[in-house]
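Asks: just the structure for this:
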Amino acid sequence: MNLYSDLKEKLYVILEEMKGQGALPADASLDAVTVEPPRDASHGDMATNAAMVLAGQTKSNPRAVAEPIAQALRLLDNVTDVQIAGPGFINVRFAPAFWQGAVYDILSAGNSYGNSAIGAGRDINVEYVSANPTGPLHVGHTRGAVYGDALALLLLKAGYKVTKEYYINDAGAQVDVLARSAYLRYREACGEAIDIPAGLYPGEYLIAVGESLKQVHGTDLLGKGESEWLEDVKAFAIESMLAMIKDDLLALGIQHDVFISEKSLYEGGKIPEAIGLLTAKGLIYRGVLEPPKGKKPADWEEREQLLFKSTDYGDDVDRALQKPDGSYTYFAADLAYAQHKIARGFDTLVYMLGADHGGYRKRMEAAISALSDRKVATDIKLCQMVNLLKDGEPVKMSKRAGNFETARDVLEAVGKDILRFIMLTRKSDMVMDFDLDKVKEQSKENPVFYVQYAHARAKSLLRLAGGEMPEALAQSAQPDASLLALLASPAELGLIQLLAQYPRMVEAAAMAYEPHRIAFYVQEVAAAFHGLWNMGNGAEELRFVVRDDPQLTAARLSLARAVTVVVASALTVLGVTPAEEL
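Replies: Take a look at the predicted model:
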């Protein structure tokens, strides 16, 4: 149960009754009304901005609007106090029983606690990673991979129907370079001495591809012209790179539902099809673009091009769809891919892109709006770079001869759970420093250890209680109200209130497409649990297991169980395996 949504529903009933009584305009909008924890916990348990939202619509003083709302809230069950504060915030306090019941709700729901219906089964496509199939994933790809995967898991938790998608860029010049680089390694595997010229990929990861080509073709490809081997080697190399990428993703705990080939869009006629759809809408024309940013570079050539009227949909300039040689631009393929998604019935398209793709945002939003007649929503998230550090100094982990740090290197150094959690402790649009030493420290300064330790500590407590006080442990699994009433200290109630925020946090993070909020939240839960635990170090009566009081022990074990449920759920949303012991 989402206690915050529950109060909001009751508040809406109050406001609708006030409309019926003429105290509020019949057409007053409640869309901006919120119920959330107050910024200062001393002000109350929950707060609403209802009076301030409605004051502007009624042209009244917010405090005057707040008074009848507060009076109605005071009549609700378990409400002990309602105060009007500042410019019109209404702060509400509840009886302990209101919060204590949340422990029962958490234990009853188990793994489904925090599940939401706000997604209402709407189809949402999350495209992430989509790295060029020309080499292993590097650490920059890893951040987008982790963020996109956590977002998909979060949206599933919030009730959306999610498709996790990877776009294979297998139609550009870069895959021709890959094929030539792989062929060079094939020649090497056949015994030739090679030099890798500028412009080809020097990475040692292609040695294995060359050896595999030899196993398949023997020496049959030697001495042949490029036109005779290029397509076969290209297909083989792409398949090999994708297998490597998928292995890296699997090691990260990531499995996509769909892989879409850019090449298939060209071969399937999807690009002219998308352009045809826009032509029918009157959005394609032949024209001449202005020089970039009003300046004319030395090599600028004014020429007529096939253009999309993206400025009709908020873009800065119209976008070219063909190159001078008549071939399609990258953006034309992006159009076709967007239409491919729209035709599959998605309500929302989410893209996780590198920070260097910021310029794509407006043009893609324009394309999707135009193709879908503004019916499909778009959200483009950018992932900033990651700086790998060791002892506070920049470091490159890769021993390969490529100019990147690979995801596999970092995984082998720190492990999946640490890598995923740390990647989610910053907003995706913030540059991240990833210190390889600090993330492995077992201290409260290390957020992933601190959270994992909270789960492991609670699990260890339950195992201990099973041996020493089995009846109390059994009773803690389905506590009644009289048992939960024993959880009455400020620290216990504070922890319960934090656990009760989880459903609200899932919804807020999902609506904002920000899974890092869950990482922040679960750190708060861990801190509150560790704080409560530490109180027992100095006073035996404050410990979770009080040997001469089985009822109090059972109540506190119920709270420990609730902690494991929430922490495990939050970590699962982040793609991190909850630790049973450390």
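
Asks: for I275, what are its contacts?
Replies: Applying Cβ atoms under 8 Å, 6 or more residues apart in numbering to I275 gives the contacts 284, 306, 321, 332, 335. C-betas here are computed from N, CA, C, even on glycine.

Asks: quick check: pLDDT value at it.
Replies: pLDDT for I275: 97.

Asks: could you list the domains of this structure?
Replies: Domain assignment for the chain by automatic domain parsing gives 3-94, 444-573.

Asks: top of the contacts of I275 by neighbour count?
Replies: Within the contacts of I275, neighbour counts (other Cβ atoms under 10 Å) peak at L335, which reaches 30 neighbours.

Asks: which strands or helices does the helix or strand it falls within pack on?
Replies: Using DSSP states H and E, L335 sits within helix 330-343. Helix 330-343 sits against helix 262-267, helix 270-280, strand 348-354, helix 360-371, with contacts defined as 3 or more Cβ pairs under 8 Å, 6 or more residues apart in numbering; DSSP states H and E.

Asks: mind putting these into TSV with distance to I124?
Replies: Below are these laid out as TSV (distance: least, Cβ to Cβ, whole Å):
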stretch	distance to I124
helix 262-267	21
helix 270-280	21
strand 348-354	4
helix 360-371	13
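
Asks: and these: which comes nearest V162?
Replies: For V162, the closest of those is strand 348-354, at 9.3 Å, according to Cβ to Cβ.

Asks: list the helices and strands that closest one packs on?
Replies: strand 123-127, helix 139-157, helix 330-343, helix 360-371, strand 377-383.

Asks: could I get the ones you listed as TSV with mean pLDDT?
Replies: As requested, the helices and strands packed on strand 348-354 are exported to TSV (pLDDT from 0 to 100):
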stretch	mean pLDDT
strand 123-127	98
helix 139-157	96
helix 330-343	96
helix 360-371	96
strand 377-383	95
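
Asks: and the nearest residue to L154 once chain neighbours are set aside, how far from K19?
Replies: The spatial neighbour of L154 that comes closest, neighbours along the chain excluded (Cβ to Cβ, 6 or more residues apart in numbering), is P515 at 4.8 Å. Distance of P515 to K19, computed by Cβ to Cβ, to the nearest Å: 38 Å.

Asks: give me the more crowded residue out of the two.
Replies: More crowded of P515 and K19, by other Cβ under 10 Å: P515, with 25 against 15.

Asks: ok, the more buried one touching V506?
Replies: No: assessed by Cβ atoms under 8 Å, P515 is found out of contact with V506, at 10.1 Å.

Asks: any common contacting residues for these two?
Replies: Jointly contacting P515 and V506 under the rule Cβ under 8 Å, 6+ apart are 154, 573.

Asks: which residues of the stretch 101-250 of the chain score low on pLDDT?
Replies: Counting by pLDDT under 70, not a single residue of the stretch 101-250 of the chain qualifies.

Asks: wait, doesn't I245 sit right on H138?
Replies: No: checked against Cβ under 8 Å, the pair I245 and H138 is beyond contact range at 10.9 Å.

Asks: pull out the buried positions in the top helix by length along the chain.
Replies: Criterion DSSP state H: the longest helix present in the chain is helix 226-251. Across helix 226-251, burial judged by 16 or more other Cβ atoms under 10 Å covers 229, 233-234, 236-238, 240-242, 244-246, 248-249, 251.

Asks: can you check stretch 92-100 too?
Replies: Quick answer for stretch 92-100 (16+ other Cβ under 10 Å): 92, 94, 96, 98-100.

Asks: can I get those in CSV with pLDDT and distance to N387?
Replies: Shown next, in CSV, are the buried residues of stretch 92-100 (pLDDT from 0 to 100; distance: Cβ to Cβ, whole Å):
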residue, pLDDT, distance to N387
V92, 98, 45
F94, 98, 45
P96, 97, 47
F98, 97, 46
W99, 98, 42
Q100, 98, 46
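
Asks: could the residues you listed go into TSV alongside distance to D480 and secondary structure?
Replies: Listed next are the buried residues of stretch 92-100 as TSV, based on distance: Cβ to Cβ, whole Å; DSSP: H, G, I helix; E, B strand; the rest coil:
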residue	distance to D480	secondary structure
V92	26	strand
F94	19	strand
P96	15	helix
F98	16	helix
W99	16	helix
Q100	10	helix
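
Asks: of all the residues you listed, which two lie farthest apart?
Replies: V92 and Q100 (16.9 Å).

Asks: could you check how far the residue positioned nearest the centre of the chain is from E16?
Replies: Taking Cα atoms, centre = their mean, the centroid of the chain lies closest to L151, which sits 2.5 Å from it. Distance of L151 to E16, computed by Cβ to Cβ: 35 Å.

Asks: tell me where the stretch 401-550 of the chain has strands.
Replies: 432-435 (DSSP state E, counting those that start in this stretch).

Asks: point out where it drops to low pLDDT.
Replies: Ranges of the stretch 401-550 of the chain meeting pLDDT under 70: 401-404.

Asks: where do the helices sit along it?
Replies: Here the stretch 401-550 of the chain has its helices, by DSSP state H, counting those that start in this stretch, at 407-414, 416-423, 447-468, 470-476, 481-484, 490-500, 502-512, 516-538, 550-573.

Asks: G218: which of the contacts of I275 is nearest?
Replies: Nearest member of the contacts of I275 to G218, counting by Cβ to Cβ, is A332, at 40.0 Å.

Asks: report the contact partners of the nearest residue to that closest one once chain neighbours are set aside.
Replies: Spatial nearest neighbour of A332, excluding adjacent residues (Cβ to Cβ, 6+ apart): L321 at 4.4 Å. L321 is in contact with 275, 284, 305-308, 328-329, 331-332, 335, counting by Cβ under 8 Å, 6+ apart.
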